[in-house]
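Asks: output the structure for:
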Amino acid sequence: MASEETEIKVVRVAGEDASWRRAFKAFYADCPRPDRSAVPHAYFAARAGRKLAGHSEIYFDGGRWVMDGLRVAAEFRERGIAKRLTAARIRYAMERGAKEIWYACDDGNLVTICCHLRFGFKKVCPTGHTCNAATAHWYRLKVTKKLRKDLDGLVPA
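Replies: Presented below is the predicted three-dimensional model:
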């Protein structure tokens, strides 16, 4: 188990070099991620020393910012890492002029849903989709002055 004293740093991955790609693929070995290199995107890593404790991504596609790939290693859970990774992605999109931010997840993923609801995400059916109770897995966060003001109170930068 990871020590509670281990300092966790959340950073944007600046260089997607071979070393990063190896660590990324190992972290998602059981759940390969799509290649986002063709669209504007950013990866965020939570690091405990040299160990990858958590990861998330955000990308711009189809005219909207979409958050994806939120994952925290089991030994680092319940320490606020997912919240910090989510805040980092929200800030990133807002700095690039986002008016709203989207994410999708399975309705059974209650931990992720609760994490996002804290920031103000609401379940919606995007334009162009046909949604019902079984298929509506999309959540949207409208970027408002209140969100901008409250974000640092939720999770300091």
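Asks: among the helices and strands of this protein, which has the poorest mean pLDDT?
Replies: Lowest by mean pLDDT, DSSP states H and E among the helices and strands of the chain is helix 18-27, with a mean of 78.
Asks: for that helix, buried residues please.
Replies: 23, 24, 27 (16 or more other C-beta atoms under 10 Å). Where C-beta positions appear, they are placed from N, C-alpha and C, glycine not excepted.
Asks: do the same with stretch 120-134
Replies: By neighbour count with 16+ other C-beta under 10 Å, stretch 120-134 contains the buried residues 120, 121.
Asks: and it, how far out from the chain middle?
Replies: 19 Å (C-alpha atoms, centre = their mean, to the nearest Å).
Asks: what does it contact?
Replies: 102, 103, 135, 136, 138, 139, 140, 141, 142, 147 (C-beta atoms under 8 Å, 6 or more residues apart in numbering).
Asks: show the contacting residues for residue 63.
Replies: So residue 63 contacts nothing (C-beta under 8 Å, 6+ apart).
Asks: tell me the pLDDT at it?
Replies: Looking at residue 63, its pLDDT stands at 92.
Asks: coming back round to it: next helix or strand past the least confident helix or strand of the chain?
Replies: Next helix or strand after helix 18-27 toward the C-terminus (DSSP states H and E): strand 41-48.
Asks: tell me what that following strand is packed against?
Replies: strand 8-12, strand 51-61, helix 81-95 (3 or more C-beta pairs under 8 Å, 6 or more residues apart in numbering; DSSP states H and E).
Asks: identify each buried residue in the first one, please.
Replies: When you say that, I think you mean strand 8-12. Applying a neighbour-count criterion of 16+ other C-beta under 10 Å, one finds 8, 10 buried in strand 8-12.
Asks: ok, now stretch 91-107?
Replies: Buried residues in stretch 91-107 (16+ other C-beta under 10 Å): 91, 92, 93, 94, 98, 101, 102, 103, 105.
Asks: the fifth one should be in a helix, yeah?
Replies: No - per DSSP: H, G, I helix; E, B strand; the rest coil, residue 98 lies outside any helix segment and is coil.
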